[in-house]
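Enquirer: Any chance you can model this:
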Amino acid sequence: MLLQHFLNFWLFLMLLNVTKVKMIVVDKLMNVNANITNTTITTTSTTTIVTRLTPAIKDEKNITSSATLKQTAKFFNKSSSKKRKTVDVSSIPIGDSSTEWRCPNITGVRSLECGCDLPHTLRCNGDLHGLGVLADNLRNSPFSVALLDIALRNVTFLSDARIFEGVSLRCLIISSGEIKRVHKSAFMDIKGPLLALGLPGNALPSIPWSSISLLVELERLDLSNNRIKALGSSDLTSLINLEYLDLSNNQISSISQRTFANLRKLEILKLGGNRLGDYASSLKALTQCYSLRDLDLSANNLNGPLTASTLPILKQLSSLNLNRNLIKSIQNKALMNYSRLTTLSLRHNQIDVLQDHAFYGLGTLESLDLSYNGIVAISSASLQHLTRLKILDLTHNFLRALTADLITPLPSLTDLRLSGNDISIVAKHAMDGARELKSLSMQENPLSCDCTMREFAEWLQIAKQLTQDLITITCVTPPKLEGAPLIQVPMEMLNCDMDNAEKDNANIIEQLEAITKQNHSTHIRDLSEEIVLHEIHYSADYGLILTWIINLSKADYMCDAIFVYKEENINEILIDNSPIHCESKIINGQNTVSVIVPDSSTLDVGESYRFCLVMIQDRNPQAELTVGCSNITQLQLSSGDSLAKARQFKRHPYADLSKYDRSSVDDSQTEDYTINGRKFNSLTVQQDDVQHAKHSFNIFNSLNRSFLPGLGLGILVTSIAVLIWGAARLRQTANSSRSSTPTATTCYAASEQIARLADAENGARYLKLQATTSL
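Expert: A predicted model of the protein is given here:
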């Protein structure tokens with residue numbers, strides 16, 4: 001008797017433990033916010049669905065599989081290996097868990113294929129007739145289904161009313177790629193409250209409000225990848241419990257101001273891939289989403305500067321996605337209305353300016369993504385208010401230097417991403433504020449590994465907290481260190497040896513940027529491989545003439561300016577920057593232009609110069625400038641006279657425009673030969689031009705010695721004689737006039753005398769004119 005009581009007590013304990021396990025599983029599966037945090041369901045019109053669970057659900061599955069769910073890991077009637085498009089459906093209770101649950105056996109139609117990859121989850125492929133058979137099987141099945149995902153073929157209209165009447169469901173997903181209409185009673189009388197509805201990947205032209213208006217318990221609605229063009233004021237009125245709404249990848253350009261008036265519980269809104277930039281004023285409707293935490297406005301053609309009035313005021317917002325828009329800049333205090341924002345993404349815009357205090361008010365921001373923009377420099381005032389920022393992504397911009405302005409304002413920064421920029425230098429003390437930094441990426445930057453890089457190299461060697469592989473931070477210049485990881489370069493090789501011919505402190509880039517501002521252009525391109533200095537010759541009439549070969553793809557370029565740099569020891573000094581005009585012609589099948597160097601008389605024979613030709617696209621004053629620079633070129637004297645000759649040279653190629661601050665003279669890349677007993681680099685002298693100039697010069701010298709002095713003396717003597725004779729005649733005429741007083745009887749005679757005097761004066765003028773003409 002005692003043994004029997006003991007056995008009964010032991011069985012009671014066992015049953016109690018099993019009941020506790022069941023209750024734990026049911027509680028976790030029914031908890032929307034805690035346990036199924038992100039279930040991603042993939043759907044298309046022809047394939048099965050793959051569900052990715054969060055670690056919490058995977059752990060729960062592992063816990064229960066050994067004790068209670070050994071037979072329910074996977075259930076299939078018919079399998080399919082095809083994949084579907086991803087749709088996010090999270091926080092969905094999937095019903096009561098049971099050790100006896102089995103996948104429903106769907107029979108009665110061959111065109112329907114179903115399978116279960118998770119407990120209480122059924123995925124099917126079929127047609128509209130198979131949908132009715134499926135509903136009948138589920139009504140009669142002893143095993144309940146919480147999530148039903150159906151991909152229908154060749155269905156444009158869900159025409160059956162109450163098709164799921166009496167079927168116990170929590171989540172329903174229907175897609176075909178072609179559904180345009182839904183019967184207004186299609187979802188009526190579903191057993192148990194439907195919490196999630198998905199109609200993604202169809203052809204709905206508008207929200208089927210008459211079909212969903214009775215689903216007042218609905219918490220999640222997915223209408224992504226349809227053809228919805230506008231949101232009306234009554235489309236979502238009855239969905240007062242909605243927390244998640246996905247309307248991404250539609251054609252929405254207009255939102256009524258009352259669309260979200262009743263959605264007081266809405267927390268996640270996805271509007272990416274629409275056309276809200278066409279009517280940006282529609283965004284004001286979002287101000288009624290008082291509980292909104294996550295907003296996606298990516299790929300909406302939002303353009304212009306981002307200001308405080310661009311977006312609606314959302315006090316609870318913590319995540320904002322503005323990727324793939326057309327935003328040009330971020331203005332002062334543009335995001336001051338988002339004081340709880342923790343994540344901000346602005347990837348793939350056209351941002352080139354971050355104004356001071358652009359991120360004012362974002363004291364809680366932890367992640368900022370500004371990658372794939374046009375940012376050239378960032379001031380410390382721009383990032384001044386991001387004291388909690390941990391992740392800063394600036395990959396694929398146009399930053400030229402890493403300075404303290406980028407790091408000092410960010411005391412909490414742990415991850416800095418700078419790959420794909422134009423960074424060539426790291427300023428002193430740039431990394432002094434990087435006390436919390438654990439990850440630094442700087443791949444694809446033209447680092448110049450000279451003495452200015454020593455401090456940064458030392459910091460890399462002692463920065464033990466960095467977790468990523470620092471081998472990827474490599475040198476580009478000088479050539480002897482190209483491709484070498486900076487952390488492996490010995491300190492003695494990071495030097496600034498000014499005897500190296502590659503050093504050149506001529507700041508050509510700054511001069512070209514000055515020209516850019518004058519022309520209101522925004523970009524400078526190095527086309528030294530397409531704009532090539534072909535030859536230099538001297539003309540007695542015009543001076544130094546440069547002939548360039550132009551290999552540009554477009555023919556509508558015109559010359560803009562010429563830069564002339566003089567080499568002095570190891571430096572290059574800008575001595576001329578003049579606007580020019582050039583004439584083009586075809587020589588040996590190549591397009592060439594001839595440029596006259598202004599004021600070439602200031603160029604000294606025997607000195608070395610570099611010439612840079614700047615061109616701009618014709619009829620487009622805001623087009624980018626293109627520049628081609630020669631190598632260092634020496635002006636050479638010919639034997640026997642003072643005629644300046646120039647040499648053609650073998651060009652030293654430039655990798656990019658940023659290297660213009662380096663000298664390009666390399667003795668190993670030129671060919672030497674001797675002229676007049678002196679050894680020079682490879683030269684080509686224009687003999688015809690030289691001989692012609694010499695002949696003209698000699699004729700002019702002979703004229704100076706013989707003819708010109710006599711001619712000048714003769715003109716002087718003749719001019720004096722004519723002046724003396726004219727003065728005498730005028731004096732004689734005046735005396736005659738005073739000696740005779742005219743009366744009334746002598747008026748006629750006086751008139752004749754005046755006439756004779758006029759004839760005499762005219763004759764004198766004729767003789768003077770004749771003498772002048774003879775001269």
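Enquirer: Tell me where the model's unsure across this structure.
Expert: 1-99, 108, 467-468, 497-523, 553-556, 569-571, 583-589, 618-623, 637-710, 733-775 (pLDDT under 70).
Enquirer: So Lys438 sits against Gln465, correct?
Expert: Yes. Counting by C-beta atoms under 8 Å, Gln465 is a contact partner of Lys438 at 5.4 Å. C-beta coordinates here come from the backbone N, C-alpha and C atoms, glycine included.
Enquirer: who's more crowded, the two?
Expert: A count of neighbours by other C-beta atoms under 10 Å puts Lys438 above the other of Lys438 and Gln465, at 15 against 12.
Enquirer: can you point me to the longest strand in the chain?
Expert: Looking across the chain with DSSP state E, the single longest strand is strand 557-568.
Enquirer: Mind listing the strands that one pairs with, and their directions?
Expert: strand 571-579 (antiparallel), strand 608-617 (antiparallel) (DSSP bridges).
Enquirer: Single out the most deeply packed of the ones you listed.
Expert: strand 608-617 (a mean of 22; mean count of other C-beta atoms under 10 Å).
Enquirer: Tell me what angle the next helix or strand after that strand forms with strand 608-617.
Expert: Later in the chain than strand 608-617, the nearest helix or strand by DSSP states H and E is strand 625-629. With axes from the mean of the first three to the mean of the last three C-alpha atoms, to 10 degrees defining the directions, strand 625-629 sits at 160 degrees from strand 608-617.
Enquirer: Name the strands paired with strand 625-629 and say parallel or antiparallel.
Expert: Short version: by DSSP bridges, strand 625-629 pairs with strand 524-526 (parallel), strand 608-617 (antiparallel).
Enquirer: how about those strands, which one is nearest Tyr565?
Expert: Ranking the strands paired with strand 625-629 by proximity to Tyr565 (C-beta to C-beta) places strand 608-617 first, at 4.3 Å.
Enquirer: For that closest one, list the C-alpha coordinates in CSV.
Expert: Extracted C-alpha coordinates of strand 608-617, given in CSV (Å, rounded to 0.1, in the frame of the first residue of the first chain):
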residue,chain,number,x,y,z
SER,A,608,63.4,74.7,-65.5
TYR,A,609,59.6,75.1,-65.6
ARG,A,610,56.4,73.1,-65.4
PHE,A,611,53.4,74.0,-67.5
CYS,A,612,49.8,73.1,-66.6
LEU,A,613,46.9,73.6,-69.0
VAL,A,614,43.4,74.0,-67.5
MET,A,615,40.4,73.3,-69.8
ILE,A,616,36.7,73.7,-69.3
GLN,A,617,33.7,72.3,-71.2
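Enquirer: Pull up the gap between Asp450 and Arg220, please.
Expert: The spacing between Asp450 and Arg220, counted by C-beta to C-beta, to the nearest Å, is 58 Å.
Enquirer: quick one on the thing from earlier: list the buried ones in the longest strand of the chain?
Expert: 557, 559-567 (16 or more other C-beta atoms under 10 Å).
Enquirer: what does stretch 394-407 give?
Expert: Buried residues in stretch 394-407 (16+ other C-beta under 10 Å): 394-397, 399-407.
Enquirer: next one: stretch 475-495
Expert: Using 16+ other C-beta under 10 Å as the test for burial, stretch 475-495 gives 475-478, 481, 484, 486-487, 489, 494.
Enquirer: Any chance you could list what contacts that stretch?
Expert: Applying C-beta atoms under 8 Å, 6 or more residues apart in numbering, the contact partners of stretch 475-495 are 424, 445-451, 453-454, 456-458, 460-461, 470-474, 500, 502, 655, 659, 662.
Enquirer: Give the buried subset of those residues as a ChimeraX selection command.
Expert: Selection of the buried residues among the contacts of stretch 475-495 in ChimeraX, burial being defined by 16+ other C-beta under 10 Å:
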select :424,445,446,447,448,449,450,453,454,456,457,460,470,473,474,502,659,662
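Enquirer: Not counting stretch 261-274 itself, show me its contacts.
Expert: For stretch 261-274, the surrounding residues in contact (C-beta under 8 Å, 6+ apart) are 224, 233, 236-253, 260, 286, 288-300, 321, 323.
Enquirer: can you list the domains in this protein?
Expert: Here the domain parsing of the chain from automatic domain parsing is 15-214, 521-687.
Enquirer: ok so Ile720 is a helix residue?
Expert: Yes. Under DSSP: H, G, I helix; E, B strand; the rest coil, Ile720 sits within a helix.
Enquirer: Who are the contact partners of it?
Expert: Going by C-beta under 8 Å, 6+ apart, Ile720 touches no other residue.
Enquirer: do you know how far it is from Gly726?
Expert: Counting by C-beta to C-beta - Ile720 and Gly726 are separated by 11 Å.
Enquirer: Val627 too?
Expert: According to C-beta to C-beta, Val627 stands 64 Å off from Gly726.
Enquirer: Have a look at the two and say which one is more surrounded.
Expert: Higher neighbour count among Val627 and Gly726: Val627, with 24 against 15, using other C-beta under 10 Å.
Enquirer: so that one bridges to which residues?
Expert: Asp526, Val614.
Enquirer: which ones are touching it?
Expert: Neighbours of Val627 in contact, by C-beta under 8 Å, 6+ apart: 512, 524-528, 531, 612-615, 657.
Enquirer: and these as JSON lines, adding distance to Ser211?
Expert: Below are the contacts of Val627 laid out as JSON lines (distance: C-beta to C-beta, whole Å):
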{"residue": "Leu512", "distance to Ser211": "63"}
{"residue": "Ile524", "distance to Ser211": "58"}
{"residue": "Arg525", "distance to Ser211": "57"}
{"residue": "Asp526", "distance to Ser211": "61"}
{"residue": "Leu527", "distance to Ser211": "61"}
{"residue": "Ser528", "distance to Ser211": "65"}
{"residue": "Ile531", "distance to Ser211": "65"}
{"residue": "Cys612", "distance to Ser211": "69"}
{"residue": "Leu613", "distance to Ser211": "69"}
{"residue": "Val614", "distance to Ser211": "65"}
{"residue": "Met615", "distance to Ser211": "63"}
{"residue": "Leu657", "distance to Ser211": "60"}
